[in-house]
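A.B. asks: Return a 3D structure for these sequence lines:
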Amino acid sequence: MSLPPLVEPASELTVDEVRRYSRHLIIPDVGMDGQKRLKNAKVLCVGAGGLGSPALMYLAAAGVGTLGIVEFDEVDESNLQRQIIHSQADIGRSKAASAKDSVLGINPYVNVILHEERLEAENVMDIFSQYDLIVDGTDNFATRYLVNDACVLLNKPYVWGSIYRFDGQASVFWSEHGPCYRCLYPEPPPPGMVPSCAEGGVLGVLCASIGSIQVTEAIKVLAGVGDPLVGRLMIYDALEMQYRQVKVRKDPDCAVCGPNATVTELIDYEAFCGVVSDEAQEAALGSTITPKQLKEWIDADEKIEIIDVREQNEWEIVSIPGAKLIPKNEFLMGTALESLPQDKKIVLHCKTGVRSAEVLAVLKSAGFSDAVHVGGGVIGWVNQIEPEKPVY
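C.D. replies: Purely as a prediction, here's the structure:
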């Protein structure tokens, strides 16, 4: 679908800018007019992590005049495997500030605006209203639905990307010209059903593959060239090195962009996505112990069975002494229940406590009424009990 340019061209390019962007200027479809539009554009990147890193760097190199960055986190060593906008020297720094330094190092003509805060329903409309286009690099469903709904309500186009292990997806959502994210995914998956990158991992270079697609689409929309991914979902399989496309049609019954929309203002997205299910919250109530309590039980030789519900590859990085590995999916399938001891208290744990709470709900419903889980998971254990062990 060919679309008109999103922004008007700037009045001029300086001599230095003409030199800098000369390889763009000699492309007939971009030329002086297209480059002036990029200079006049205001683009917001939500996140300066795996997808935000290559997106920000290439948007800056391309000459987008104003770049906004929404990011509240700090740089951690585990980020550096894929978040290439940051360096070893940035560990512990604000990701937003680190990203700004890198952007200005690439292109000093870019105006960088920082929003060092968590994107929430209370601030999203004010922040988004300052920009022409949004690039979504978030990694959780609550923020994805928040971004989508805010863009629909503000009639803003946004470029979406998603990554997990070796797989990536990308599309352009613009309700004025095509479907929105809710047309593709009307409801979020059940809590805990889809692991995050922190739980399942991601190939570092996959971020560059999807991030570069996002920037390509952003440039096309801003300058009005080519055929943007409006109404199409690009799916990338890095292991097979295959790209394929799926058509996405506008849903006439869409809750936010349909003619009879029921979502006419922002909602509670944490509750909508159910970060932890109601069943898991109920099961964990009164059945959550701390890592220190677990250590006391181990030292006292209590009759407990410690079960780690993570995946094998996580187990190989770090584990709690004496724990037995039974991945969460085996509980959801019901195959793990028959192997559980009846004469010991079951103590579940995962990385942070989310997956173990979901498994705890399964055990409670199966009759293991005295089962508990470790709040904070193995990360809490390492921080409080064995700080010399690695975390991930």
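
A.B. asks: tell me, what residue is most central in this protein?
C.D. replies: Nearest residue to the geometric centre of the chain (Cα atoms, centre = their mean): D139, 1.0 Å.

A.B. asks: After the worst-scoring helix or strand of the chain on mean pLDDT, heading C-terminal, what element do we hit next?
C.D. replies: Taking mean pLDDT, DSSP states H and E as the measure, the helix or strand of the chain with the lowest value is helix 197-200, at a mean of 73. Downstream of helix 197-200, the next assigned helix or strand under DSSP states H and E is helix 206-223.

A.B. asks: And that next one, what does it pack against?
C.D. replies: Helix 206-223 sits against helix 31-40, helix 52-62, strand 133-136, strand 158-164, strand 167-173, strand 232-237, with contacts defined as 3 or more Cβ pairs under 8 Å, 6 or more residues apart in numbering; DSSP states H and E. For glycine as for every other residue, the C-beta is placed from the backbone atoms N, C-alpha and C.

A.B. asks: Take those and lay them out in TSV including mean pLDDT, distance to S365 and mean neighbour count.
C.D. replies: Listed next are the helices and strands packed on helix 206-223 as TSV, based on pLDDT from 0 to 100; distance: least, Cβ to Cβ, whole Å; neighbours: other Cβ atoms under 10 Å:
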stretch	mean pLDDT	distance to S365	mean neighbour count
helix 31-40	98	56	20
helix 52-62	98	40	25
strand 133-136	98	37	26
strand 158-164	97	29	25
strand 167-173	98	32	24
strand 232-237	98	36	17
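
A.B. asks: which residue sits closest to G47, ignoring its sequence neighbours?
C.D. replies: Nearest residue to G47 in three dimensions, chain neighbours excluded: G137, at 3.8 Å (Cβ to Cβ, 6 or more residues apart in numbering).

A.B. asks: Would you check that that neighbour makes contact with V46?
C.D. replies: Yes. Using Cβ atoms under 8 Å, G137 is in contact with V46, at 5.9 Å.

A.B. asks: Identify the contacts common to those two.
C.D. replies: G52 (Cβ atoms under 8 Å, 6 or more residues apart in numbering).

A.B. asks: can you count the residues close to the nearest residue to E311 once chain neighbours are set aside?
C.D. replies: Excluding the flanking residues, the one nearest E311 by Cβ to Cβ, 6+ apart is P327, at 5.5 Å. When counting by other Cβ atoms under 10 Å, one arrives at 19 neighbours for P327.

A.B. asks: Then P157?
C.D. replies: Number of residues near P157 (other Cβ under 10 Å) recorded here: 23.

A.B. asks: What sits closest to G376 if chain neighbours are left out?
C.D. replies: Closest residue to G376 apart from its sequence neighbours, by Cβ to Cβ, 6+ apart: G353 at 5.6 Å.

A.B. asks: and the residue nearest to G47, how far is that from R93?
C.D. replies: Counting by Cβ to Cβ, to the nearest Å, the gap from G137 to R93 is 19 Å.

A.B. asks: For those two, indicate the residue with more neighbours.
C.D. replies: Higher neighbour count among G137 and R93: G137, with 30 against 15, using other Cβ under 10 Å.

A.B. asks: Spell out, range by range, the strands that occur in this structure.
C.D. replies: If DSSP state E is used as the criterion, the strands of the chain fall at 42-46, 66-70, 111-115, 133-136, 158-164, 167-173, 232-237, 242-247, 288-289, 304-308, 324-325, 345-349, 372-374.

A.B. asks: Throw the ones you listed into a markdown table and include distance to Q88, thanks.
C.D. replies: Formatted as a markdown table, the strands of the chain follow (distance: least, Cβ to Cβ, whole Å):
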| stretch | distance to Q88 |
| --- | --- |
| strand 42-46 | 22 |
| strand 66-70 | 21 |
| strand 111-115 | 22 |
| strand 133-136 | 26 |
| strand 158-164 | 23 |
| strand 167-173 | 26 |
| strand 232-237 | 29 |
| strand 242-247 | 33 |
| strand 288-289 | 36 |
| strand 304-308 | 31 |
| strand 324-325 | 33 |
| strand 345-349 | 31 |
| strand 372-374 | 32 |
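
A.B. asks: wait, which of those strands is closest to I213?
C.D. replies: Of all the strands of the chain, it is strand 167-173 that lies closest to I213, at 4.5 Å by Cβ to Cβ.

A.B. asks: by how many degrees do that closest one and strand 242-247 diverge?
C.D. replies: 40 degrees (axes from the mean of the first three to the mean of the last three Cα atoms, to 10 degrees).

A.B. asks: orientation of strand 167-173 relative to strand 232-237 in degrees?
C.D. replies: Using the same axes, to 10 degrees, strand 167-173 lies at 170 degrees relative to strand 232-237.

A.B. asks: Report all helices and strands that strand 167-173 contacts.
C.D. replies: Packed next to strand 167-173, using 3+ Cβ pairs under 8 Å, 6+ apart, are strand 158-164, helix 206-223, strand 232-237.

A.B. asks: got the angle between the last one and helix 206-223?
C.D. replies: What separates the directions of strand 232-237 and helix 206-223 is an angle of 160 degrees, with the same axes, to 10 degrees.

A.B. asks: thinking again about what came up before, and the helices and strands packed on strand 167-173 as JSON lines, adding distance to P387?
C.D. replies: Formatted as JSON lines, those follow (distance: least, Cβ to Cβ, whole Å):
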{"stretch": "strand 158-164", "distance to P387": "30"}
{"stretch": "helix 206-223", "distance to P387": "30"}
{"stretch": "strand 232-237", "distance to P387": "39"}
